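Colleague: Build me a structure from this.
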Amino acid sequence: MKDFLAISDYSSEEIQDLLDLAVKLKKEYFKKGNKKIFKGKVLGMIFQKPSLRTRVSFDMAMRHCGGDALYLSPNEIGLGKRESIADVARVLSGYVQILMARVFDHEHVLQLAQWSEIPVINGLSDYNHPCQAMADALTVIEKFGKKSKGLNVSYVGDGNNVTTSLMHVSAQLGWNFTAATPEGYDPNPKAVQIAEEIAAKTGSRLTFLRDPHEAVKGAHVIYTDTWTSMGQEEEAAKREQVFPPYQVNAKLVSEADKDVIVMHCLPAHRNHELTDEVADGPHSVIFQQAHNRLHAQKAILARLLGAA
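Modeller: Predicted coordinates:
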């Protein structure tokens with residue numbers, strides 16, 4: 001593995017290998033047995049978008065394993081504005097051992113990887129969110145077991161970057177993926193095509209619907225995300241009119257499998273896409289999911305740094 005930019009860049013076996021490593025590293029963490037596998041290594045963290053989970057989980061992943069992390073704010077770099085992305089990548093390659101970038105434009109992280117001499121991790125882009133999907137998959141496996149092929153994963157809401165990576169990891173692991181989205185807010189067509197190619201190899205079934213109630217029938221996982229992502233603030237008023245039927249509430253959850261888990265990548269706009277009753281209820285795993293960012297990303301870092 002040279003970089004970690006998209007779930008679809010790897011085989012099903014490689015994705016499962018990363019998840020197995022994440023399980024192992026999480027066990028070590030809770031046994032207070034963190035090995036200093038990142039000793040002498042520094043992660044450069046480039047942020048165009050702010051984030052609680054991305055910043056803290058990557059920072060602490062490096063610290064727990066004996067390394068360090070360097071936060072680089074939007075004003076410090078001005079990626080592609082004050083200085084070309086190619087130059088930023090080549091300069092940082094001489095200072096740190098690995099990079100993570102959380103960007104608005106997916107092309108920016110692709111260019112960083114192209115010009116960098118060190119591994120690059122996609123911490124989020126407008127196209128996808130692969131680190132989140134790895135944490136999601138780890139959470140599902142903890143609930144349903146490693147041999148979870150045929151599981152039904154239903155996404156309800158905006159067909160955004162989180163949808164892309166969840167769809168791809170579901171296809172890679174042989175889970176059936178259903179998305180219920182309003183007209184005009186469907187998943188990225190290119191991402192769907194890639195998912196279909198993966199699903200043809202793994203036996204995953206992909207379904208795209210308008211009706212959220214139909215989508216959650218038999219669901220083992222219900223997943224939702226904010227109706228208005230960062231950078232879409234001008235669309236907020238319009239989206240507030242479109243998405244209420246896609247709210248994940250107690251009624252919707254009751255229509256799924258009795259052991260369904262409810263997921264959200266956070267931050268959540270409570271009582272919009274997800275009600276308090278569900279977020280804090282017995283089916284919710286949203287905080288376990290958030291904590292698993294730490295362990296899934298440790299595995300990614302370890303593989304890219306050749307440390308495990």
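Colleague: Not counting the helix or strand where Leu19 lies itself, show me its contacts.
Modeller: If you go by DSSP states H and E, Leu19 is part of helix 12-30. The contact list for helix 12-30, computed with Cβ atoms under 8 Å, 6 or more residues apart in numbering, reads 1, 7, 10, 34-35, 64, 134, 137-138, 141, 146, 169, 172-174, 198, 201-202, 292, 294-296, 298-300, 302-303, 308. In this view, the C-beta of every residue, glycine as well, is placed from N, C-alpha and C.
Colleague: where does the stretch 51-200 of the chain have low pLDDT?
Modeller: 147 (pLDDT under 70).
Colleague: can you tell me how far the residue lying closest to Asp259 once chain neighbours are set aside sits from Cys131?
Modeller: With sequence-adjacent residues excluded and distances taken as Cβ to Cβ, 6 or more residues apart in numbering, Asp259 is closest to His220, at 7.0 Å. Applying Cβ to Cβ, to the nearest Å, the value for His220 to Cys131 is 23 Å.
Colleague: can I see the domain layout of this protein?
Modeller: What the record gives for the chain is the domain set 7-129+292-305, 132-289, from automatic domain parsing.
Colleague: Now mean neighbour count too, for the ones you listed, in CSV please.
Modeller: CSV is the format used below for the domains of the chain (neighbours: other Cβ atoms under 10 Å):
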stretch, mean neighbour count
domain 7-129+292-305, 19
domain 132-289, 19
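Colleague: List the strands paired with the helix or strand just after the helix holding Leu19, with their directions.
Modeller: Next helix or strand after helix 12-30 toward the C-terminus (DSSP H and E): strand 42-47. Using DSSP bridges, the strands paired with strand 42-47 are strand 68-72 (parallel), strand 98-102 (parallel).
Colleague: wait, which of these is closest to Val120?
Modeller: Among those, strand 98-102 comes nearest to Val120, with 4.8 Å by Cβ to Cβ.
Colleague: thought Ser170 was touching Asn176?
Modeller: Yes - using Cβ atoms under 8 Å, Ser170 is in contact with Asn176, at 7.4 Å.
Colleague: shared neighbours of those two, which are they?
Modeller: With Cβ under 8 Å, 6+ apart as the test, Ser170 and Asn176 both reach 153, 204.
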